[in-house]
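Q: okay, predicted coordinates and the sequence, questions at the end:
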Amino acid sequence: MIVNKLKIKNFRNFKEETIDLNNSLNIFIGDNGQGKTNLMESIYLSSIGRTFRLNSENELINFKENKSCIEISMVKNNYNIKIELFLEKGKRKQVLVNGIKLDKTAEMIGILNNVIFTPDDMKIIKGSPIERRKFVNIDISQIKPKYKYLLNRYKKIITERNIILKNYYTKAENKDIINIWNDYLINTGFEIILFRNDYINKLKKYSVDIYKDISGNKEKLDLSYCCNIGSLDNKDNDRIKKMFNEKISMNFKQEVLRGTTLYGPHKDDIIIKIDGKECKYFGSQGQQRSAILSLKLAEIEIIKEEIGEYPILLLDDVMSELDNKRKGYLINYIKGIQTVITTTDDYDLNVLTKNYNKNIFYIDKGKISNITN
Ligand SMILES: Nc1ncnc2c1ncn2[C@@H]1O[C@H](COP(=O)(O)OP(=O)(O)OP(=O)(O)O)[C@@H](O)[C@H]1O
Ligand SMILES: [Mg+2]
């Protein structure tokens, strides 16, 4: 999968820019606050339909304008695809794929596959389970269209079920209705669990070897799916459903008391260990960085395995965070993968990518110039 062209209009601090991307390496150099992350965000938005930042959608549009658009021209499985995203203040964004308007923005996920790596991703290691669930949710959604639908459905089920739990004793009919919602919860939750189990096993398969290489064969990474309803080891599908059922029945009083659903994949986590110790608590800064780098590179391989093509790799300002050995490893790894790198300091990068086919751009106050020589 290759993105050939990116056009942005009134997006963040950009006015109107058209960029021809190289199918291998694209380096964007600029000082702080010039628009490097904004540029990454425009590509990410065209892939996932949402920003990776905390801002509201109106803030994506240039402060002085009311409308913004992003246009991506790409080739996937030998097909030319054009993705257009229209943003307007106070209105819902619109997405067109090859000129056809999508009913929901979420439908665009999986067309332009991306893997993004930013310094902020350390939160996947250090942060709460929500961060790790978000990480796998976005990834699985990019390769399994059904998973997005299941997540949406599951969210609605939890909301409805919680309302019933909160009013369990005040409405007599709730005693019957709850059984229906228990079935919904278990059936949809079960499917999510299977997708996650499969994905985390794949993540493990790739990242363990990558980490081994990064650490020079000295340390061992381990990942495990901490499924909230219990361990899935050696259990067939019927046994997993039964286990979910038992959790719900055994803890039902507690759920009514608390007025909330206590068991299910909305409480899952992933445990990341290095040499048997949990990375979140015991890993050094460097080990945590290597772990996240291994996960990100594993993501790339899973997408390749699933869709037959590499995703576009977005590396926002991560070079400065890595030591020379890891920088070298990463640069070597991305050969053959279309990559966009942003950096404030191009010296190391120029040395490391000396023999690479690349485009180099300079970003200054939202103006992008191609300075490839
Ligand atoms: N809607 C908007 N309209 C105009 N400018 C905006 C908008 N949203 C953000 N900006 C500005 O865009 C600028 C560039 O932000 P960006 O995060 O892309 O910088 P950067 O080049 O990645 O910097 P750093 O190296 O510090 O990460 C910021 O100064 C910010 O104020
Ligand atoms: Mg930035």
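A: Received it, and whenever you're ready, just let me know what you need. Ligands and ions are numbered 1, 2, ... in the order given.

Q: so what's the residue count around N228?
A: 17 (other C-beta atoms under 10 Å). All C-beta spots, glycine's among them, are computed from the backbone N, C-alpha and C.

Q: for stretch 43-61, measure first residue to last.
A: 15 Å (C-alpha to C-alpha, to the nearest Å).

Q: for the one residue in the stretch 1-150 of the chain that gets nearest to ligand 2, grab phi and psi.
A: Proximity of the stretch 1-150 of the chain to ligand 2 (C-beta to the ion) peaks at T37, 3.2 Å away. Main-chain dihedrals, T37, degrees, to the nearest 10: phi -70, psi -30.

Q: compute the number of surrounding residues for the closest residue to it other than its chain neighbours.
A: Residue nearest to T37 in three dimensions, not counting chain neighbours: D316, with 5.6 Å by C-beta to C-beta, 6 or more residues apart in numbering. Neighbourhood size, D316 [other C-beta under 10 Å]: 23.

Q: what's opposite D316 in the beta bridge?
A: Beta-bridge partners of D316, counted by DSSP bridges, are T342.

Q: right, and it touches I116 too?
A: Yes. With contact defined as C-beta atoms under 8 Å, D316 reaches I116; the gap is 6.9 Å.

Q: could you name every residue contacting both of those two?
A: M40 (C-beta atoms under 8 Å, 6 or more residues apart in numbering).

Q: N359: what secondary structure?
A: What DSSP: H, G, I helix; E, B strand; the rest coil gives for N359 is strand.

Q: contacting residues around it?
A: Contacts of N359 (C-beta under 8 Å, 6+ apart): 20-22, 25-27, 370, 372.

Q: next: G30.
A: By C-beta under 8 Å, 6+ apart, the residues touching G30 are 36, 342, 344, 362-364.

Q: angles on the backbone of it, please.
A: phi -170, psi 160.

Q: who's in contact with stretch 181-201?
A: Stretch 181-201 is contacted from outside by 136, 139-140, 144, 146-147, 150-151, 153-154, 157-158, 160-161, 164, 223-225, 227, 229, 232, 237, 240-241, 244-245, 248, 261, 264-265, 268, 270, 302, using C-beta under 8 Å, 6+ apart.

Q: quick one: buried ones out of the contacts of N359?
A: Taking 16 or more other C-beta atoms under 10 Å as the criterion, what is buried in those is 21-22, 25-27.

Q: pick out the most distant pair among these.
A: L21 and I27 (11.0 Å; C-beta to C-beta).

Q: which helix or strand contains K155?
A: According to DSSP states H and E, K155 maps onto helix 145-166.

Q: list the buried residues for that helix?
A: Under 16+ other C-beta under 10 Å, the buried positions of helix 145-166 are 147-148, 150-151, 153-154, 157-158, 160-162, 164-165.

Q: ok, so of those, who is nearest N62?
A: K148 (30.0 Å).

Q: residues contacting that closest one?
A: K148 makes contact with 106, 109, 141, according to C-beta under 8 Å, 6+ apart.

Q: equivalent analysis for G328, please.
A: L352.

Q: also the one 3 residues further on?
A: If you count contacts by C-beta under 8 Å, 6+ apart, I331 has them with 349, 352-353, 356.
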